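>>> Here is the input, now give the coordinates:
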Amino acid sequence: MKKIILSLMGVCLASGLMAQTIFVDTTAQNKNVVLEEYTGVGCGYCPDGHAKANAIAEAHPGRVVLVNIHQGSYAQTTPNYIIENSAWVDAWANQTGLEGYPAGTVNRRVFSGSSTALDRGSFASAANTVLAESSFVNTAVQASVDAATRIMTVTVQTYYTGNADDSINKLNVVLLQDSIIGSQHNYGNYNSSYITADGQYIHMHMLRQILTGEWGDTLAANAGDSVITAGTLITKTYIDTLPATIRIIPLELGSLRVAAYVAKNNQTIYTGNECTPSYINLPVLQAQIYAKSVTEVRACADSVTPSLQVRNTGSTTITSMEIGYYSDNNAQQTYTWSGSLPMFSNSANITLPNVLVNAGTQSVINYEIKSINGTAQTGLTSTMNVTKAAALAFNTTDRILLKLKTDKYGSETTWLFRDVASGDTIATGGPYANGSQHIIYDTFTVAASGCYVFEIFDADGNGINAGQGTGYYYLYNADSTQSYKSNGKYGSGEYKAINVTTSSLQEVANAITSLSIYPNPAKDVANISVSLSQNTKAEVKVTDLMGRIVMNLGSKSLLRGENTISLNTSSLENGMYFISVNSNNGTMTQKITISK
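Here you go, the predicted model:
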């Protein structure tokens, strides 16, 4: 990386001594905010800090510079977003007095106590204080990038509308990058608009380089002056060759910003500003598959819906693209997109038709931009590894059983069970009361073989096993021989497709033509009425909602026609049970409720 620094300084603009073009404001202005936020991929609350910082910038356009600094133990992850000169940002963090993440400084100022570090809830009030204050210095920045050579030229102008309040002022110039898609721990689904369809995170304002060194470039006063005086204009130019990657993360042209801010020595920042670079020598037609994801075709199908995010990295607006794609199981297909995609825009979110994949194992989907605006392209390819969860397989007689234990925030938990073919919701549950954990049992009747779905949701986005009680849920087959067990750590929710195979009720009808129970609800005694088409031996069992046998009447010799079996229910607790009559030719089951 080659860097060149040029500097010009002058005073008395009104006298015409300065010949260079002036783009900095020379009238007195209020201060701008520079919010340096310390963050990391492993920090679950950091997306909430990002959201609060974004809200400040959106409320004050052009007045707020956001610098997201990946630093500390939470940033020691793969991929690594810490700048290559990691000691520099460690030094910045060490002078803040921060005790946790996310933390940030607003213009590196102390607003209470002795530390400049602020928690995310204090960002807004500190920013409002700074924005209301007058500044004796203004700064502005311009940057341009030669796309062919990746040489970036940055020019910063600093103008003093009043005398500086300290003998040492320093100019800091940093390179930021937006729209870096990667992982991010997230406790509560914070900053949801920056989460992609496949659960990745869009990192913004990420610090990538510090062009002026650890503590900035010293701005000198004129000879004979102890401080920089009113009317002084300082112009500095920095020439830098941009690397293709920083710690294997691509440094993407079109996603860059340059920020400049003036500080008192190494600490208090007076004001700052930022710009988006201009570009020269861009290719006329060029695009990039910027991000890719899949949305599962839900339920039991072995296919997914691919989605591509395409950036225009050329100088001409893209109006059409032909995209080829195929998977291990799909021959190549072509999809034609049309629209308007300006230079450096990544707003073309292209959803392709469904692609077959191998459920439960990894498949590869290949992509290629074959043409842009009717002009053939080569080399614009990408691949994605996809693993689609296989549907749960249940072989049951007529029902699936649910056991659910909530955490202490039951009001956040809801669920549903539905039949995919009919679209009917068979059962729902929640929300439940807060304060204590609840154990819930429920039964889902499945009338026929087919595809069913169980979905569970958590309103706070942290599941039912995140430190507020150990929650879980189980899905059991009717006889408890097959089950799915979730540890409750499912974030905002979980979706389970279930392939159900039921026993043939036609076989049952060959022996048992009807089964009824009376009285129902029962108290101490219930009568089981069984109609048979032939003499048979049958086993009579009573099971609870979890499929556990609570009574077994053993084998009974039953005759063709009507049979009545007396059942002593006095030992059963209140609740719902199932009575099953199992013959060699089939099984029939009915519900019974015990109410005493």
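
>>> Near residue 459, how many residues? Count them for me, please.
Burial of residue 459 is recorded as 15 neighbouring residues (other C-beta atoms under 10 Å). Bear in mind the C-beta positions are built from the backbone N, C-alpha and C, glycine included.

>>> Over to it: give its phi and psi.
With angles defined as degrees, to the nearest 10, residue 459 sits at phi -70, psi -30.

>>> can you give me the helices in the stretch 101-250 of the chain?
123-131 (DSSP state H, counting those that start in this stretch).

>>> how about the strands in it?
Remark: strands assigned in the stretch 101-250 of the chain by DSSP state E, counting those that start in this stretch are 103-106, 134-135, 137-146, 151-160, 169-177, 180-182, 201-203, 206-210, 217-219, 233-241, 245-246, 249-250.

>>> Mind putting these into CSV with mean neighbour count?
CSV is the format used below for these (neighbours: other C-beta atoms under 10 Å):
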stretch, mean neighbour count
strand 103-106, 28
strand 134-135, 14
strand 137-146, 21
strand 151-160, 23
strand 169-177, 23
strand 180-182, 18
strand 201-203, 20
strand 206-210, 23
strand 217-219, 17
strand 233-241, 19
strand 245-246, 14
strand 249-250, 14
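
>>> between those, which one is nearest to residue 422?
strand 201-203 (37.3 Å; C-beta to C-beta).

>>> what helices or strands is the closest one leaning on?
strand 180-182 (3 or more C-beta pairs under 8 Å, 6 or more residues apart in numbering; DSSP states H and E).

>>> returning to that earlier point: reformat the strands of the stretch 101-250 of the chain into TSV and put distance to residue 526 and mean pLDDT next to each item.
Formatted as TSV, those follow (distance: least, C-beta to C-beta, whole Å; pLDDT from 0 to 100):
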stretch	distance to residue 526	mean pLDDT
strand 103-106	66	97
strand 134-135	85	98
strand 137-146	82	97
strand 151-160	84	97
strand 169-177	71	98
strand 180-182	61	91
strand 201-203	57	94
strand 206-210	68	98
strand 217-219	89	96
strand 233-241	85	96
strand 245-246	74	94
strand 249-250	69	91
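
>>> Heading C-terminal from whichever strand or helix holds residue 537, find the next helix or strand.
Here residue 537 sits within strand 536-543, counting by DSSP states H and E. As assigned by DSSP H and E, the chain's next helix or strand after strand 536-543 is strand 549-558.

>>> returning to what we had before: what average pLDDT does the strand holding residue 537 get?
Rounded to a whole number, the mean pLDDT of strand 536-543 is 84.

>>> Using PDB, write out every CA atom in stretch 543-558.
Output of stretch 543-558 as PDB, limited to C-alpha atoms (Å, rounded to 0.1, in the frame of the first residue of the first chain):
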ATOM      1  CA  THR A 543     -52.600 -44.100  27.200                       C
ATOM      2  CA  ASP A 544     -52.100 -40.500  28.300                       C
ATOM      3  CA  LEU A 545     -51.300 -37.600  26.100                       C
ATOM      4  CA  MET A 546     -47.600 -38.500  26.000                       C
ATOM      5  CA  GLY A 547     -48.400 -42.000  24.700                       C
ATOM      6  CA  ARG A 548     -47.600 -43.700  28.000                       C
ATOM      7  CA  ILE A 549     -49.700 -46.700  29.000                       C
ATOM      8  CA  VAL A 550     -51.600 -46.000  32.200                       C
ATOM      9  CA  MET A 551     -53.900 -49.000  32.100                       C
ATOM     10  CA  ASN A 552     -53.800 -52.300  30.200                       C
ATOM     11  CA  LEU A 553     -56.900 -54.500  30.300                       C
ATOM     12  CA  GLY A 554     -55.000 -57.300  28.600                       C
ATOM     13  CA  SER A 555     -56.300 -59.500  25.800                       C
ATOM     14  CA  LYS A 556     -60.100 -59.900  25.400                       C
ATOM     15  CA  SER A 557     -62.000 -62.500  23.400                       C
ATOM     16  CA  LEU A 558     -64.600 -60.500  21.600                       C
END
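
>>> Please state the offset of it from the chain centre?
Here the centre of stretch 543-558 is set off from its chain's centre by 48 Å, with C-alpha atoms, centre = their mean, to the nearest Å.

>>> Show me what counts as buried in it.
Applying a neighbour-count criterion of 16 or more other C-beta atoms under 10 Å, the buried positions in stretch 543-558 are 543, 544, 545, 547, 551, 553, 556, 558.

>>> cool, stretch 121-139 as well?
Buried residues in stretch 121-139 (16+ other C-beta under 10 Å): 122, 123, 124, 126, 127, 130, 131, 135, 136, 137, 138, 139.

>>> and what of stretch 382-395?
382, 384, 386, 388, 391, 392, 394.

>>> tell me the mean pLDDT over the helix or strand harbouring the second one?
The reference is to residue 384. Per DSSP H and E, residue 384 falls inside strand 381-387. Per-region confidence: strand 381-387 scores 88 on mean pLDDT.

>>> mind listing the strands for the stretch 301-450 of the chain?
303-312, 318-327, 333-341, 348-351, 355-356, 362-372, 375-376, 381-387, 392-396, 399-405, 413-419, 425-429, 439-445, 450-458.

>>> and the angle from whatever helix or strand comes next after the last one to strand 392-396?
Once the chain leaves strand 450-458, the next helix or strand it forms, by DSSP H and E, is strand 472-477. Between strand 472-477 and strand 392-396, the angle formed by their directions is 50 degrees, by axes from the mean of the first three to the mean of the last three C-alpha atoms, to 10 degrees.

>>> what comes up buried for strand 472-477?
By neighbour count on 16+ other C-beta under 10 Å, the buried set for strand 472-477 is 472, 473, 475, 476, 477.

>>> out of the buried residues of stretch 543-558, what pair is the most spread apart?
So, the buried residues of stretch 543-558 by C-beta to C-beta: farthest apart are 545 and 558, at 26.7 Å.

>>> for the buried residues of stretch 543-558, which one is nearest residue 184?
residue 545 (40.1 Å).

>>> quick one, what contacts the closest one?
Taking C-beta atoms under 8 Å, 6 or more residues apart in numbering as the contact definition, residue 545 lies against 401, 403, 441, 442, 443, 575, 576, 577.

>>> hang on, the last one is in a strand, isn't it?
Yes: checked against DSSP: H, G, I helix; E, B strand; the rest coil, residue 577 lies within a strand.

>>> What residues are recorded as beta-bridge partners of residue 173?
Beta-bridge pairing for residue 173 (DSSP bridges): residue 260.

>>> Next one: it from residue 214, what distance?
When distance is defined by C-beta to C-beta, to the nearest Å, residue 173 is 12 Å away from residue 214.

>>> Next: residue 56.
For residue 56, the distance to residue 214 - C-beta to C-beta - is 26 Å.

>>> quick one: which of those two has more around it?
Taking other C-beta under 10 Å, residue 56 and residue 214 do not tie; residue 56 has more neighbours (20 against 14).

>>> tell me what the strand or helix carrying that one is packed against?
If you go by DSSP H and E, residue 56 is part of helix 46-59. In terms of contacts (3+ C-beta pairs under 8 Å, 6+ apart), helix 46-59 is packed against strand 33-39, strand 64-70, strand 103-106, helix 123-131.

>>> Could you rerun that using 7 Å?
Here helix 46-59 touches strand 33-39, strand 64-70, helix 123-131, going by 3 or more C-beta pairs under 7 Å, 6 or more residues apart in numbering; DSSP states H and E.

>>> can you list these in a markdown table and add distance to residue 254 and mean pLDDT?
Putting the helices and strands packed on helix 46-59 into a markdown table (distance: least, C-beta to C-beta, whole Å; pLDDT from 0 to 100) gives the following:
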| stretch | distance to residue 254 | mean pLDDT |
| --- | --- | --- |
| strand 33-39 | 23 | 98 |
| strand 64-70 | 18 | 98 |
| helix 123-131 | 28 | 98 |
